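Engineer: Need coordinates for the below:
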Amino acid sequence: MISTQGLSPMLAVTLVRENRETFENDVRNEAMAKREIAAFEERIGAIGSVEELVQDYEVFSFVMKAFDLEKEIYAKAMMKQIITADPEDKDSILNKLTDSKYKVINETLGFARDGSAGPDLQDPDWQKEMTQRYVSQRLIDSQSSVNESVGTVLAFEQKVSGMSNWYKVLADKEMTDFIFTAFGLPDNLAQADVDSKMKMLSARMDIEDLQDPEMQEKLIRQYSAFVGVGAASQVQSPVLALMSAATNSGTYSVLTVDMEMLRGFSASAYR
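Structural biologist: Here you go, the predicted model:
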């Protein structure tokens, strides 16, 4: 199994890109993923209502994980409302939630307002797309656990095509984190109101440019550079570590430094 742990953001992203099939096969071969994929492909076509969906734990888990909603697996009542909500009704629960993932799952599953399943669930092409969505999301999740910046970049690449305005970007935490970091914006700006953040982002880039592959690549490189600088700044000097340890222990040691030796020291010998 290939690992990106400890790699710089850009190097890790490049590794995943060049070995995408291998990484995805690793996901498909995980024991739990194999069970959930098999259950989904075998049973999704026979599900006729939202109630049947949430009662089939393996299939429902598959669906929720595919839309990055694993934390909501046990919120069945709420998810039934979301899946069957009318997106045109401004008072529906769907339009009271800020996270864009809820609108995506509502639209993609295509359940009717009365809870009955739509025809897509029996469509082999739709099922194949759902399996790929699941695998892609599990890859993002697995990368986030070993190299968080890689997971964020993969999430950006997966979602960017659906970002038609800055409000959609700001409604997605991963997209917001990515864009703020890529633009080099300080963390405290995340506390500003939505309209202020939208104006700030609009002043930096036209939202239409976000669909330009060259601009996407530029943003990924900027994001990786800022993450790399942040990681480097957190590495403590060995001398400071020794001083900190001595201070915390309440004891001090007298250090004798040979200045002539230091003048002749060359760091390049250890690179």
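Engineer: what secondary structure does Asp89 sit in?
Structural biologist: Classification of Asp89 using DSSP: H, G, I helix; E, B strand; the rest coil returns coil.
Engineer: Could I get the phi/psi values of it?
Structural biologist: Dihedral angles phi and psi of Asp89 (degrees, to the nearest 10) take the values phi -90, psi 110.
Engineer: let's number from 895 now, not from 1
Structural biologist: Noted, 895 is the first residue going forward, which turns the last one into Asp983.
Engineer: Can you give me the neighbour number for the residue lying closest to it once chain neighbours are set aside?
Structural biologist: Closest residue to Asp983 apart from its sequence neighbours, by C-beta to C-beta, 6 or more residues apart in numbering: Asn989 at 7.0 Å. For glycine as for every other residue, the C-beta is placed from the backbone atoms N, C-alpha and C. As a burial measure, Asn989 scores 15 neighbours (other C-beta atoms under 10 Å).
Engineer: Spit out the contact partners of Asn989.
Structural biologist: Contacts for Asn989 (C-beta atoms under 8 Å, 6 or more residues apart in numbering) come out as 979, 981, 983.
Engineer: what does Thr1046 give?
Structural biologist: Counting by C-beta under 8 Å, 6+ apart, Thr1046 touches 1038, 1068, 1071-1072, 1117.
Engineer: Narrow those to those in helices?
Structural biologist: Using DSSP state H, the members of those that fall in helices are 1038, 1068, 1071-1072, 1117.
Engineer: Redo the residues you listed as JSON lines? Include neighbour count and distance to Gly1004.
Structural biologist: Listed next are the ones in helices among the contacts of Thr1046 as JSON lines, based on neighbours: other C-beta atoms under 10 Å; distance: C-beta to C-beta, whole Å:
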{"residue": "Ser1038", "neighbour count": "16", "distance to Gly1004": "29"}
{"residue": "Glu1068", "neighbour count": "20", "distance to Gly1004": "25"}
{"residue": "Asp1071", "neighbour count": "18", "distance to Gly1004": "30"}
{"residue": "Phe1072", "neighbour count": "24", "distance to Gly1004": "29"}
{"residue": "Tyr1117", "neighbour count": "25", "distance to Gly1004": "34"}
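Engineer: and the least confident of those?
Structural biologist: For these, the weakest pLDDT value sits at Glu1068, with 87.
Engineer: any idea how far the residue nearest to Asp983 is from Ser1039?
Structural biologist: In this view, Asn989 and Ser1039 are 32 Å apart by C-beta to C-beta, to the nearest Å.
Engineer: Likewise for Asp1014?
Structural biologist: Applying C-beta to C-beta to Asp1014 and Ser1039 gives a distance of 31 Å.
Engineer: more neighbours, those two?
Structural biologist: Using other C-beta under 10 Å, the more surrounded residue of Asp1014 and Ser1039 is Asp1014, with 16 against 10.
Engineer: pLDDT at that one, what is it?
Structural biologist: At Asp1014, the pLDDT value in this model is 94.
Engineer: which stretch of helix or strand covers the nearest residue to it once chain neighbours are set aside?
Structural biologist: Distances taken as C-beta to C-beta, 6+ apart place Trp1020 nearest to Asp1014, at 4.5 Å, with adjacent residues excluded. If you go by DSSP states H and E, Trp1020 is part of helix 1018-1040.
Engineer: Let me see the residues that make contact with that helix.
Structural biologist: Helix 1018-1040 has contacts (C-beta under 8 Å, 6+ apart) with 897-899, 906, 910, 917-918, 920-922, 924, 927, 930-931, 934-935, 938-939, 956-957, 959-962, 964, 1002, 1014-1015, 1044-1046, 1048-1049, 1052.
Engineer: Now restrict those to buried residues only.
Structural biologist: 898, 906, 910, 917-918, 920-921, 927, 930-931, 934-935, 938, 956-957, 959-962, 1002, 1014-1015, 1044-1046, 1048-1049, 1052 (16 or more other C-beta atoms under 10 Å).
Engineer: which element is the closest residue to Asp1103 other than its chain neighbours on?
Structural biologist: For Asp1103, ignoring the flanking residues on the chain, the nearest one in space by C-beta to C-beta, 6+ apart is Met1109 at 4.9 Å. Using DSSP H and E, Met1109 falls within helix 1107-1127.
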